[in-house]
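Undergrad: sequence-free structure coming up:
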Ligand code: NI
């Protein structure tokens, strides 16, 4: 007889944290959310389901924030201890589901293809665990709308719901990892995604009389070349980064020099200083190349999601929590650099925290990528995510309360 994989034993241990009634309640909640997915900032029925579930498990002060977001409070053991938060995102994607699951989407062309049905459920499940074994301080459970558009986290911050929060934890299901495995790495975890648009303004003229022009097309050509040096000659080669020009427009006819040319692109960075450096360089090169070619430059930046860099202290709390739930051997390294964005980054610009990846591939399953029509997260990932996030909240709360006591 061969020994069961460690991850399977872990699932049995984790399952013990939930009684049968609660397990059934949580599985039913996840299936109901999965079957009735709603797009960003339209999560009305999802919010109602979550409000009801939070009420049933005994969370306090259940209230709406940021339009379709829900926040609830699980009281801690001590009134004066610092408050920490657990976040789950709740929105779906405009994808037509092809999983064939018995609880597949009823809403044509809308699907929980990123596992936010599980994230919403494990946040409620974490609240249930914290209600039974409270943290030192209160824990806020934040059910955030509109992660996919990147606008949900800023809206939650804007609402003031997190003003008293001293640490925040969240996670994402990931089928590249077996259910029972958890990634709690410090350092860069997700990239920023910012857009830029540059307009070069010159002087139009007849194509046969270029000396009367200030030709923006020649300037544009020089600028495209110069911008390749941002990553190759300005960014530290130890830090990954991307500058891509994705659209270029100029001119209307072969015998006319136009008076303007435009260029659009995107910058991706994995830490705040690389991001600032690359965006500053985009602006500096546009303005100085324009000046060299007797043009002027109009640069507009559309700032998207910041990068996620898990800081060492909060990551150590989350890691300790993960080890206590799934064991040292199941806390595994990410092993690759993720250049996708995640709007949890907005919280981490203000509040220490850690973003985890929670294994969601069932035994014998394959690594289906998120956002694909066949994506789903293994049911047991609800319980692993909930147990790890609840424990991370307890560990952080204890450490912060100790520090506050010392101060
Ligand atoms: Ni997602």
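TA: Everything's here; your move. Owing to the predicted nature of the structure, the values given are computational and were not obtained by experimental measurement. Numbers count the residues shown, from 1 in each chain.
Undergrad: direction included, what does the strand ranked longest in the chain pair up with?
TA: Counting residues, the longest strand found in the chain (DSSP state E) is strand 165-178. Paired neighbours of strand 165-178 in the sheet (DSSP bridges): strand 83-89 (parallel), strand 353-361 (parallel).
Undergrad: would you list the ones you listed in CSV and tack on mean pLDDT, distance to residue 187 and mean neighbour count?
TA: C-betas here are computed from N, CA, C, even on glycine. Below are the strands paired with strand 165-178 laid out as CSV (pLDDT from 0 to 100; distance: least, CB to CB, whole Å; neighbours: other CB atoms under 10 Å):
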stretch, mean pLDDT, distance to residue 187, mean neighbour count
strand 83-89, 98, 20, 28
strand 353-361, 97, 11, 27
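Undergrad: quick one, which of these gets closest to residue 406.
TA: strand 83-89 (17.7 Å; CB to CB).
Undergrad: elements contacting the next helix-or-strand element following that closest one?
TA: Using DSSP states H and E, the helix or strand that follows strand 83-89 towards the C-terminus is helix 116-132. On a contact count with 3 or more CB pairs under 8 Å, 6 or more residues apart in numbering; DSSP states H and E, helix 116-132 meets helix 20-35, helix 44-56, strand 69-74, strand 83-89, strand 139-144, strand 165-178, helix 381-406.
Undergrad: and residue 178, how far from residue 361?
TA: Per CB to CB, to the nearest Å, residue 178 is found 5 Å from residue 361.
Undergrad: ah, wrong one, I meant residue 22
TA: Distance of residue 22 to residue 361, computed by CB to CB: 24 Å.
Undergrad: now the protein, which segments are flagged as low pLDDT?
TA: Scanning the chain for pLDDT under 70 picks out 1-6, 407.
Undergrad: check contacts around the residue most central in space within it.
TA: Closest to where the C-alpha atoms of the chain average out (CA atoms, centre = their mean) is residue 342, at 2.0 Å. Shown in contact with residue 342 (CB atoms under 8 Å, 6 or more residues apart in numbering): 147, 172, 189, 190, 305, 308, 355.
Undergrad: which among those residues gets closest to residue 26?
TA: Comparing the contacts of residue 342 against residue 26 with CB to CB picks out residue 172 as the nearest, at 18.3 Å.
Undergrad: picking up where we left off before, which one, of the strands paired with strand 165-178, ends up nearest to residue 235?
TA: Evaluated over the strands paired with strand 165-178, closeness to residue 235 peaks at strand 353-361, with 23.6 Å, by CB to CB.
Undergrad: helix, strand or coil for residue 254?
TA: coil (DSSP: H, G, I helix; E, B strand; the rest coil).
Undergrad: wait, it sits on residue 206?
TA: No - here residue 254 does not reach residue 206: they are 11.8 Å apart, not a contact under CB atoms under 8 Å.
Undergrad: the more surrounded of these two?
TA: Legend: neighbour count by other CB atoms under 10 Å for residue 254 and residue 206, higher for residue 206 (11 against 6).
Undergrad: what separation do you get for the nearest residue to residue 400 once chain neighbours are set aside and residue 168?
TA: In space, and not counting its chain neighbours, residue 400 is closest to residue 82: 4.1 Å by CB to CB, 6 or more residues apart in numbering. Distance, residue 82 to residue 168, using CB to CB: 12 Å.
Undergrad: same deal with residue 300?
TA: For residue 300, the distance to residue 168 (CB to CB) stands at 31 Å.
Undergrad: just to revisit the earlier point, please produce a markdown table containing the contacts of residue 342, extended by distance to residue 332 and secondary structure.
TA: Listed next are the contacts of residue 342 as a markdown table, based on distance: CB to CB, whole Å; DSSP: H, G, I helix; E, B strand; the rest coil:
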| residue | distance to residue 332 | secondary structure |
| --- | --- | --- |
| 147 | 24 | coil |
| 172 | 15 | strand |
| 189 | 14 | strand |
| 190 | 18 | strand |
| 305 | 25 | coil |
| 308 | 18 | strand |
| 355 | 15 | strand |
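Undergrad: report the two of these separated the most.
TA: 147 and 189 (15.0 Å).
Undergrad: counting neighbours, which bits of the helix or strand encompassing residue 196 end up buried?
TA: Assessed by DSSP H and E, residue 196 sits inside strand 194-201. Residues 194, 196, 198, 199, 200, 201 are the ones in strand 194-201 that count as buried (16 or more other CB atoms under 10 Å).
Undergrad: of all the residues in stretch 38-46, which ones are buried?
TA: 38, 39, 40, 41, 42, 43, 46.
Undergrad: which residues touch that stretch?
TA: 33, 36-37, 67-68, 90-94, 107, 110, 120, 145-149, 151-152.
Undergrad: give me the number of residues near residue 300?
TA: Counted with other CB under 10 Å, the neighbours of residue 300 add up to 11.
Undergrad: buried subset of the contacts of stretch 38-46?
TA: Counted by 16+ other CB under 10 Å, the contacts of stretch 38-46 give 33, 36-37, 68, 90-93, 110, 120, 145-148, 151-152 as buried.
Undergrad: residue 89 touches residue 116, doesn't it?
TA: Yes - Residue 89 lies in contact with residue 116 (CB under 8 Å); the separation is 4.9 Å.
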